[in-house]
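Undergrad: no FASTA, just this:
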């Protein structure tokens with residue numbers, strides 16, 4: 001099977017830029033390209049009957065500033081590992097063919113949750129994936145809301161760009177929250193810093209104070225427990241902020257804990273909606289007024305009716321388009337995210 005895209009050639013500051021999107025991420029890539037005002041670059045992908053892949057650019061990349069987009073979620077057609085191999089093979093082909101700078105744009109970065117040893121002889125898979133990107137010739141890896149930003153940044157020796165959803169979700173919540181008293185909570189102690197940064201952004205957006213709390217989550221093997229909330233959520237609208245929703249169990253537990261501690265209502269926000277396993281039934285039964293995710297992972301595991309009635313989408317496309325503009329033009333990523341430069 002062969003996939004071919006249209007051509008792009010843009011020059012900023014004397015250097016031509018090329019933008020590729022690997023096939024399963026092409027819908028997202030086409031939207032990014034439209035925001036940039038360009039087309040996608042021409043490339044070939046071949047999937048052989050024995051499961052092997054061939055990837056190559058069909059335009060000259062020599063001396064170019066090249067961007068490649070591929071979101072590394074599993075399915076609906078290809079596995080995480082197939083997508084990762086394709087991306088790595090393509091990055092290597094770009095390097096072999098003389099690209100001046102190569103940036104991997106990875107809206108959802110697989111294996112970022114396994115970032116430390118929790119058991120004897122555990123792998124630290126985040127580091128291993130980082131080594132593969134470096135070996136393939138990536139000069140920069142840009143992604144959105146990884147599980148642990150410190151682990152992500154420390155795993156790579158090449159440049160990393162960590163985009164986040166603070167501005168996206170704060171703007172999406174502006175009208176929903178109206179004049180409500182609001183508390184941002186992390187569903188576990190590990191996400192407290194993420195919640196703190198989002199609370200600060202939400203305060204700037206709403207122009208009023210926002211509270212903060214977290215749920216005391218504990219995991220032993222496959223058993224998750226803990227419903228104590230550290231902080232005050234009584235009579236407030238609670239916003240639960242996390243990097244992803246997988247089975248939905250963490251969001252459900254956090255929402256129930258918030259309601260038991262006197263919250264008026266609960267809104268869930270997560271960058272990546274994986275919706276694995278029994279997510280549909282768990283989320284349908286959870287006391288959540290709104291479930292907001294981005295489009296880094298298509299909701300293909302859920303039926304269309306459930307998506308329409310339960311899931312609200314905020315697009316990360318403009319954020320990635322602006323990231324490319326910043327990287328190619330040499331401007332500030334910090335300012336793009338609303339931080340001080």
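TA: Here it is on my side, so go on. It should be emphasised that the depicted structure is a prediction, and the values quoted were computed from it without experimental measurement.
Undergrad: The stretch 1-150 of the chain: strands as residue ranges?
TA: Using DSSP state E, counting those that start in this stretch, the strands found in the stretch 1-150 of the chain span residues 2-4, 10-12, 15-21, 43-47, 53-57, 65-69, 101-106, 140-144.
Undergrad: Who are the packing partners of the last one?
TA: Think strand 140-144. Contact here means 3 or more C-beta pairs under 8 Å, 6 or more residues apart in numbering; DSSP states H and E; on that basis strand 140-144 packs against strand 101-106, strand 159-163, helix 317-329. Yep, even glycine has a C-beta here, placed from its N, CA and C like the rest.
Undergrad: before we move on, the earlier item: export the strands of the stretch 1-150 of the chain as TSV, with columns for mean neighbour count, distance to residue 118 and mean pLDDT.
TA: TSV is the format used below for the strands of the stretch 1-150 of the chain (neighbours: other C-beta atoms under 10 Å; distance: least, C-beta to C-beta, whole Å; pLDDT from 0 to 100):
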stretch	mean neighbour count	distance to residue 118	mean pLDDT
strand 2-4	11	39	42
strand 10-12	13	44	50
strand 15-21	23	35	90
strand 43-47	17	36	94
strand 53-57	17	33	95
strand 65-69	25	32	98
strand 101-106	25	24	98
strand 140-144	23	22	98
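Undergrad: Just give me the neighbour total for the closest residue to residue 250 other than its chain neighbours.
TA: Nearest non-adjacent residue to residue 250, counting by C-beta to C-beta, 6 or more residues apart in numbering: residue 187, 4.8 Å away. Neighbour count of residue 187, defined by other C-beta atoms under 10 Å: 25.
Undergrad: where do the helices sit along the stretch 101-250 of the chain?
TA: 125-136, 149-155, 166-177, 192-206, 249-260 (DSSP state H, counting those that start in this stretch).
Undergrad: Serialize these to CSV and add fields for mean neighbour count and mean pLDDT.
TA: Below are these laid out as CSV (neighbours: other C-beta atoms under 10 Å; pLDDT from 0 to 100):
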stretch, mean neighbour count, mean pLDDT
helix 125-136, 18, 96
helix 149-155, 17, 93
helix 166-177, 18, 96
helix 192-206, 19, 96
helix 249-260, 22, 95
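Undergrad: can these go into TSV with extra columns for distance to residue 227?
TA: What follows is those, written out as TSV (distance: least, C-beta to C-beta, whole Å):
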stretch	distance to residue 227
helix 125-136	29
helix 149-155	27
helix 166-177	24
helix 192-206	17
helix 249-260	4
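Undergrad: With respect to residue 331, which of those lies nearest?
TA: helix 166-177 (16.4 Å; C-beta to C-beta).
Undergrad: Counting by contacts, list what that closest one packs against.
TA: helix 192-206, strand 237-245, strand 265-273, strand 290-294, strand 311-314.
Undergrad: buried ones in the last one?
TA: This points to strand 311-314. Residues 311, 314 are the ones in strand 311-314 that count as buried (16 or more other C-beta atoms under 10 Å).
Undergrad: ok, residues contacting that strand?
TA: Around strand 311-314, the neighbours that count as contacts under C-beta atoms under 8 Å, 6 or more residues apart in numbering are 165, 168-169, 172, 273, 290-295, 299, 302.
Undergrad: Tell me which of the helices and strands packed on strand 140-144 sits most buried.
TA: strand 101-106 (a mean of 25; mean count of other C-beta atoms under 10 Å).
Undergrad: Can you tell me the strand partners of that one and which way each runs?
TA: Strand 101-106 has the following strand partners under DSSP bridges: strand 65-69 (parallel), strand 140-144 (parallel).
Undergrad: now the angle from the first one to strand 43-47?
TA: Same thing as strand 65-69. Between the axes of strand 65-69 and strand 43-47, defined by axes from the mean of the first three to the mean of the last three C-alpha atoms, to 10 degrees, the angle is 40 degrees.
Undergrad: which regions of this protein lie under the pLDDT threshold?
TA: 1-15, 217-226, 340-341 (pLDDT under 70).
Undergrad: tell me the contacts of the spatially most central residue of it?
TA: In the chain, the residue lying closest to the centroid (C-alpha atoms, centre = their mean) is residue 144, at 3.6 Å. Counting by C-beta under 8 Å, 6+ apart, residue 144 touches 107-108, 162-165, 271-272, 294, 296, 316, 319-320.
Undergrad: Cool, thanks, signing off.
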